[in-house]
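[1] no FASTA, just this:
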């Protein structure tokens with residue numbers, strides 16, 4: 001059945017191309033194929049693999065490795081009267097499991113059911129992009145893009161990924177489909193550009209138990225290019241999440257509640273109670289980037305600051321949460337985030353580039369239930385703050401995109417015309433500790449539990465990337481990472497929960 005679905009999708013693409021000769025001015029067909037070997041080592045930070053507390057991690061093997069392939073093909077058509085359309089389909093699968101890559105553990109949730117299938121047929125062809133663009137819409141400086149499309153603004157500090165790090169189990173190391181289902185109006189008054197966007201993140205149609213669970217955003221991004229080529233941006237985004245629910249257990253938002261309250265409790269305190277409320281957050285920010293000409297035109301600056309207000313939890317009635325004995329109430333959101341970087345590129349054939357970046361996300365104070373929530377909401381960011389750290393410290397208030405300080409020193413150069421080498425060093429520490437006088441347990445977005453002390457040092461990470469351009473169309477890539485937990489990660493709960501973790505990837509990419 002799956003093979004028939006794939007065949008049908010390809011026939012549809014061919015049919016579009018054959019029909020295009022009479023109906024379009026220009027058609028472009030292309031795609032890419034990537035096959036990657038990936039290895040994760042010790043992501044539970046427990047080299048001994050003991051079965052003691054935290055028992056919810058059970059006994060985790062040190063190494064998880066797999067091979068996956070992603071294939072994409074697209075058709076872009078230029079129609080008459082300033083109309084363009086594009087559709088891109090994607091199929092990705094893990095070798096020997098062959099399911100959608102958003103479930104790298106081999107569990108397919110398509111159609112609301114779970115399935116493991118190793119017969120090589122259970123993988124999905126999905127619509128990755130599908131949009132229509134109409135330029136000079138109503139008047140000459142207005143363009144409308146409607147449909148499934150990618151949204152990238154600035155450094156993607158706020159908008160860039162339809163999931164974001166708030167529930168990002170795969171981090172940057174695995175493939176995700178980034179596109180938003182959105183309507184975008186672009187007002188181009190060169191050098192001023194104004195984007196007005198509405199995007200539906202999740203739609204729950206009116207049915208039993210799902211009413212009111214819609215999630216959507218609306219906002220505007222204003223971009224101005226100054227005469228000295230500096231770029232300035234200002235934006236405001238309104239996010240609405242209806243009927244946000246908290247429940248205990250793997251893959252729930254347990255970590256979101258515990259981190260919001262600032263009390264991880266212990267694994268035995270889960271009482272399986274649930275609650276729900278609405279969340280409305282407004283994010284306002286400004287950004288600037290450009291070369292610092294008075295010093296050196298090769299010295300580049302990038303800075304951004306954003307502030308959040310609104311209701312983190314609009315339920316005025318105090319309720320019991322999943323952590324026994326702790327209540328929460330109506331929380332007003334008030335949080336700050338900022339990022340600033342400087343980098344320098346030397347004028348020589350090796351193109352060496354060195355830079356420093358500092359990122360700050362405000363955190364929520366441990367055990368603070370006063371009615372103010374100060375933890376930054378990651379929104380729909382699409383940044384990598386360490387290949388491993390992004391994965392194990394993702395989610396609200398956990399350090400990677402909320403409640404954290406991050407220093408990143410980076411260096412890259414090209415020893416030959418076809419080889420690029422890049423090295424990133426990260427140091428992490430929390431804005432607010434995740435515990436007080438005893439170690440506390442938190443379940444992160446990986447589904448694993450980690451224990452944290454009253455310290456703030458989350459450790460260090462080193463990432464290395466090698467990119468070899470074999471031809472203009474074929475590229476080989478190697479990526480490696482090592483994460484060294486700091487004193488904030490506890491080691492006194494029956495098993496060593498602060499051992500080093502490692503990652504390795506080798507991939508072959510072909511574009512056509």
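    On my side now, so go ahead. None of these values were measured; they are calculated from a predicted model.
[2] Helices of the stretch 201-350 of the chain, residue ranges please.
    In the stretch 201-350 of the chain, the helices defined using DSSP state H, counting those that start in this stretch lie at 254-261.
[3] Sorry, slip of the keys, the one I care about is the chain.
    2-23, 254-261, 387-392 (DSSP state H).
[4] Mind telling me which of these the model trusts least?
    Mean pLDDT values for the helices of the chain show the minimum at helix 254-261, a mean of 37.
[5] quick one: average pLDDT of stretch 33-47?
    On average, stretch 33-47 scores 90.
[6] Equivalent analysis for stretch 413-425, please.
    Mean predicted lDDT for stretch 413-425 stands at 97.
[7] Give me the buried positions along that stretch.
    413, 414, 420, 421, 422, 424 (16 or more other C-beta atoms under 10 Å). In short, each C-beta sits where N, CA and C put it, glycine included.
[8] where does the stretch 101-250 of the chain dip in pLDDT?
    Where the stretch 101-250 of the chain drops to pLDDT under 70, the residues are 101-123, 164-176, 205-212, 243-250.
[9] coming back round to it: reformat the buried residues of stretch 413-425 as TSV; add distance to residue 76.
    Putting those into TSV (distance: C-beta to C-beta, whole Å) gives the following:
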residue	distance to residue 76
413	35
414	31
420	28
421	34
422	31
424	34
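[10] Select, from those, the two members most distant in space.
    414 and 424 (16.5 Å; C-beta to C-beta).
[11] Low-confidence bits of the stretch 301-450 of the chain, can you list those?
    Ranges of the stretch 301-450 of the chain meeting pLDDT under 70: 314-330, 445-446.
[12] where do the strands sit along it?
    Secondary structure of the stretch 301-450 of the chain by DSSP state E, counting those that start in this stretch: the strands cover 319-320, 327-328, 331-345, 353-361, 372-373, 404-416, 419-430, 440-443, 449-452.
[13] can I get these in JSON lines with distance to residue 507?
    JSON lines is the format used below for the strands of the stretch 301-450 of the chain (distance: least, C-beta to C-beta, whole Å):
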{"stretch": "strand 319-320", "distance to residue 507": "47"}
{"stretch": "strand 327-328", "distance to residue 507": "43"}
{"stretch": "strand 331-345", "distance to residue 507": "26"}
{"stretch": "strand 353-361", "distance to residue 507": "23"}
{"stretch": "strand 372-373", "distance to residue 507": "40"}
{"stretch": "strand 404-416", "distance to residue 507": "18"}
{"stretch": "strand 419-430", "distance to residue 507": "14"}
{"stretch": "strand 440-443", "distance to residue 507": "30"}
{"stretch": "strand 449-452", "distance to residue 507": "29"}
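[14] what about those strands, which gets the closest to residue 203?
    The nearest among the strands of the stretch 301-450 of the chain, by C-beta to C-beta, is strand 331-345 at 23.7 Å.
[15] what comes up buried for that closest one?
    Neighbour count says strand 331-345 has 331, 333, 335, 337, 338, 339, 341, 343, 345 buried, by 16+ other C-beta under 10 Å.
[16] and of the residues you listed, the nearest to residue 78?
    Of the buried residues of strand 331-345, the one sitting nearest to residue 78 (C-beta to C-beta) turns out to be residue 345, at 35.7 Å.
[17] Quick check: the closest one touching residue 296?
    No. Counting by C-beta atoms under 8 Å, residue 345 sits too far from residue 296 to count as a contact (9.8 Å).
[18] burial count for residue 181?
    Counted by other C-beta atoms under 10 Å, the residues lying close to residue 181 total 18.
[19] Pull the contacting residues for it.
    By C-beta atoms under 8 Å, 6 or more residues apart in numbering, residue 181 lies in contact with 147, 148, 199, 200, 201.
[20] what's the answer for residue 477, then?
    Going by C-beta under 8 Å, 6+ apart, the list of residues near residue 477 reads 465, 466, 467, 468, 505, 506, 507, 509.
[21] from what I can see the first one touches residue 413, true?
    This means residue 465. No. With contacts defined as C-beta under 8 Å, residue 465 does not count as touching residue 413, sitting 12.0 Å away.
[22] if I look at the two, which residues touch both of them?
    With C-beta under 8 Å, 6+ apart as the test, residue 465 and residue 413 both reach 420, 421.
[23] Do I have it right that residue 77 meets residue 27?
    Yes. Residue 77 lies in contact with residue 27 (C-beta under 8 Å); the separation is 5.1 Å.
[24] before we move on, back to that, out of the buried residues of stretch 413-425, which one sits closest to residue 219?
    Looking across the buried residues of stretch 413-425 and measuring by C-beta to C-beta, the closest to residue 219 is residue 424, at 30.2 Å.
[25] So which residues of the stretch 1-150 of the chain form strands?
    26-41, 63-78, 83-94, 125-134, 142-149.
[26] before we move on, back to that, show the buried residues in the contacts of residue 477.
    465, 467, 505, 506, 507, 509.
[27] Now the two most distant members of those residues.
    Checking the buried ones among the contacts of residue 477 with C-beta to C-beta, the most distant pair is 465 and 509, at 13.2 Å.
[28] separation between residue 293 and residue 311?
    44 Å (C-beta to C-beta, to the nearest Å).
[29] I misspoke; the intended subject was residue 28.
    From residue 28 to residue 311 the distance is 46 Å (C-beta to C-beta).
[30] Looking at the two, which one has more neighbours?
    More neighbours surround residue 311 than the other of residue 28 and residue 311, with 18 against 11 (other C-beta under 10 Å).
[31] Does the more buried one touch residue 333 like I think?
    Yes. If you go by C-beta under 8 Å, residue 311 and residue 333 touch, sitting 6.4 Å apart.
[32] overlap in contacts of the two?
    Shared contacts of residue 311 and residue 333, defined by C-beta under 8 Å, 6+ apart, comprise residue 281.
[33] Please name the residues that touch residue 480.
    463, 464, 502, 503, 504, 505.
[34] ok, the residues you listed vs residue 349, which is closest?
    Once C-beta to C-beta is applied, the member of the contacts of residue 480 that ends up nearest residue 349 is residue 464, at 21.9 Å.
[35] tell me the pLDDT at the closest one?
    At residue 464, pLDDT is 98.
[36] how far away is it from residue 420?
    Taken as C-beta to C-beta, the span from residue 464 to residue 420 is 12 Å.
[37] Next one: residue 93 from residue 70, what distance?
    From residue 93 to residue 70 the distance is 8 Å (C-beta to C-beta).
[38] Next: residue 283.
    31 Å.
[39] And for residue 388?
    Residue 388 is 21 Å from residue 70, by C-beta to C-beta.
[40] ditto for residue 302
    30 Å.
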